[in-house]
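Q: can't give you the sequence, but here's the structure:
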C-alpha cells in the first residue's frame with residue numbers, strides 16, 4: 001500500500017514525495033483513515049514507528065479542506081518535552097509546505113516574547129508543552145475554546161514526568177465536543193484509565209506489543225566496571241568506526257563528565273540535559289544532526305525527542321532505573337526503516353536494572369565478552385594479602401583473599 005491509497009489530497013502527497021516517503025508505516029496505514037473520518041483514536045506505538053506523521057498528515061488535510069479558515073487555534077498538540085515539541089513542529093513544516101496551514105510551537109526555558117508575537121498573528125495548530133501552555137493561558141494569550149482536535153502525545157512520558165495534573169488542567173479548558181487523539185508508547189492500567197476518561201468510542205490502533213523492542217535494532221551488552229566505562233566507550237567508537245552515537249547517562253553531571261572525557265580524546269561531542277539552556281540544547285542537537293558533532297550525550301529528557309534517520313548507534317552508558325526507558329532510548333536508532341545498534345554497559349551495581357530490562361523485553365540481551373575492559377569477577381580481581389594473627393615467635397602468615405562477586 002502507498003500513501004496514494006489513503007485518500008490523501010495532492011498537496012499532502014506532494015509534500016510526502018518531497019520528503020522521500022511513499023509507503024506508510026503500519027501505524028500510519030491504520031490511524032490516518034480514522035483521523036480523517038473524525039474518530040477519537042487510542043494509539044499504542046513504540047517510538048520510531050512514524051507516529052507523528054500518523055496524526056500530522058490527516059490533521060493537515062482536514063484543515064486544508066475547510067472551506068474557510070476559522071479564526072483561532074483549531075488544533076492543540078500537547079507533548080511532554082521541548083525537544084519533542086520542536087520535532088513535531090518540524091514535521092508540520094515538512095508535511096504542510098504546499099498548504100496555507102499556520103502553526104507554531106511553544107515551550108518553556110526561553111523568552112515568551114517571540115512566541116506571544118506569533119500567537120497574536122494567529123495560528124491554526126499549536127504544539128505545546130504543558131507548563132508554558134498553562135502559563136500563557138493564565139496571561140490571556142491563548143484561548144482553547146475553538147479547539148476541534150486535541151492530540152495528547154507520549155501520554156506515558158507525561159505520567160513519568162509528573163505532568164498528569166497539568167494535562168487535566170489543560171483538558172478543562174477544552175470544549176467537550178472535540179476529536180481526541182491519544183498516543184502512548186506503553187499502555188499501563190493507569191494510562192488506560194486516563195485514555196478512557198478522555199476518549200469517546202475510540203478506534204484502537206496497536207502496531208506492536210507495548211514492551212517489545214524494534215526488531216531491526218541489534219542489541220549488545222558489555223559487562224564492565226564503572227571506572228572503565230569512559231575507556232570502553234572511546235574504544236568502541238574508534239574500533240567500530242562509529243559515525244554518530246547518542247549516549248544516555250543517568251545524571252546530568254554524568255553526561256558532562258562523559259563529554260569532558262570524549263573531548264580530551266578528540267571526539268567532538270556535547271551534552272543536553274535539564275541544566276542546559278534551551279538555546280544550548282537546541283544548538284547541540286542541531287550540530288549533531290548536521291554532522292558537526294560525532295557524539296551527543298543526553299539524560300532521559302531527550303529519550304523521545306530526537307528524530308534522526310541516520311543515527312546508527314545508541315549507547316546505554318548507564319542502565320536506566322525504569323526498564324521501559326530502555327525501550328524508548330534504543331528506539332532513537334533503527335528509524336525510518338534503517339537498521340541500528342544499541343549497546344549497553346553494565347557494571348556490578350546495575351545487575352538488577354539489567355534483569356528488569358530483560359524481563360520486560362522477554363529475552364536476554366546478547367553479551368559481548370571479548371573486549372579490553374571486562375568486569376571484575378572473583379577470578380580476575382587483584383589479590384589482596386591479609387595478615388593472620390601470629391603466635392609469639394612466629395612469622396606472619398598470609399593468604400590470597402578473593403571477594404565473592406557473582407557475574
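A: Sure thing, it's come through. Computed from a predicted model, the values in this text were never measured in an experiment.
Q: give me phi/psi at residue 146?
A: phi -100, psi 10 (degrees, to the nearest 10).
Q: which residues does the nearest residue to it once chain neighbours are set aside contact?
A: Closest residue in space to residue 146, ignoring its immediate chain neighbours: residue 72 at 4.1 Å, by C-beta to C-beta, 6 or more residues apart in numbering. The way it works is simple: take the backbone N, C-alpha and C, and place the C-beta from them, glycine included. Residue 72 makes contacts with 122, 143, 145-146, as judged by C-beta atoms under 8 Å, 6 or more residues apart in numbering.
Q: out of the residues you listed, which is nearest to residue 132?
A: residue 143 (15.5 Å; C-beta to C-beta).
Q: state the distance from that closest one to residue 72.
A: 6 Å (C-beta to C-beta, to the nearest Å).
Q: cool, and residue 176?
A: 17 Å.
Q: next one: residue 177
A: Distance from residue 177 to residue 72, by C-beta to C-beta: 15 Å.
Q: go on, residue 223?
A: 57 Å.
Q: poorly predicted segments of the stretch 201-350 of the chain, please.
A: Judged by pLDDT under 70, the stretch 201-350 of the chain has its weakly predicted residues at 208-215, 301-307, 309, 335-337.
Q: kindly recompute the last result at 80.
A: 208-216, 274, 278, 301-310, 324, 334-339 (pLDDT under 80).
Q: repeat that for the stretch 1-150 of the chain.
A: 46-49, 67-71.
Q: what ranges does it have for its helices?
A: In the stretch 1-150 of the chain, the helices defined using DSSP state H, counting those that start in this stretch lie at 10-18, 26-36, 51-64, 82-95, 113-121, 130-138.
Q: again, but for the stretch 251-400 of the chain
A: Using DSSP H, counting those that start in this stretch, helices in the stretch 251-400 of the chain cover 252-264, 278-289, 323-330, 351-361.
Q: surely residue 364 and residue 354 touch.
A: No: judged on C-beta atoms under 8 Å, residue 364 makes no contact with residue 354 at a distance of 9.5 Å.
Q: mind checking which of these two has more residues around it?
A: residue 354 (20 against 11; other C-beta atoms under 10 Å).
Q: what number of residues lie near the closest residue in space to the more buried one that isn't next to it in sequence?
A: Of all residues not flanking residue 354 in the chain, residue 346 sits nearest, at 5.2 Å (C-beta to C-beta, 6+ apart). The number of residues packed around residue 346, counting by other C-beta under 10 Å, is 21.
Q: which residues does residue 346 contact?
A: 221-224, 319, 353-354, 375.
Q: ok so, going back, quick one: which of the contacts of residue 72 sit in strands?
A: Nothing among the contacts of residue 72 maps onto strands, per DSSP state E.
Q: out of those, give me the one that has the most neighbours.
A: Result: residue 146 is most packed of the contacts of residue 72 (other C-beta under 10 Å), 15 neighbours.
Q: that residue and residue 74 touch, don't they?
A: Yes: assessed by C-beta under 8 Å, residue 146 is found in contact with residue 74 at 6.4 Å.
Q: contacts only, for the closest residue to residue 116 other than its chain neighbours.
A: Nearest in space to residue 116, with sequence neighbours left out and distances taken as C-beta to C-beta, 6+ apart, is residue 141 at 5.4 Å. Going by C-beta under 8 Å, 6+ apart, residue 141 touches 116, 119-120.
Q: okay, domains of the chain per the record?
A: 3-206, 217-361 (automatic domain parsing).
Q: how far away from the center of its chain is the last one?
A: Domain 217-361 has its average C-alpha position 12 Å from the chain's average C-alpha position, going by C-alpha atoms, centre = their mean, to the nearest Å.
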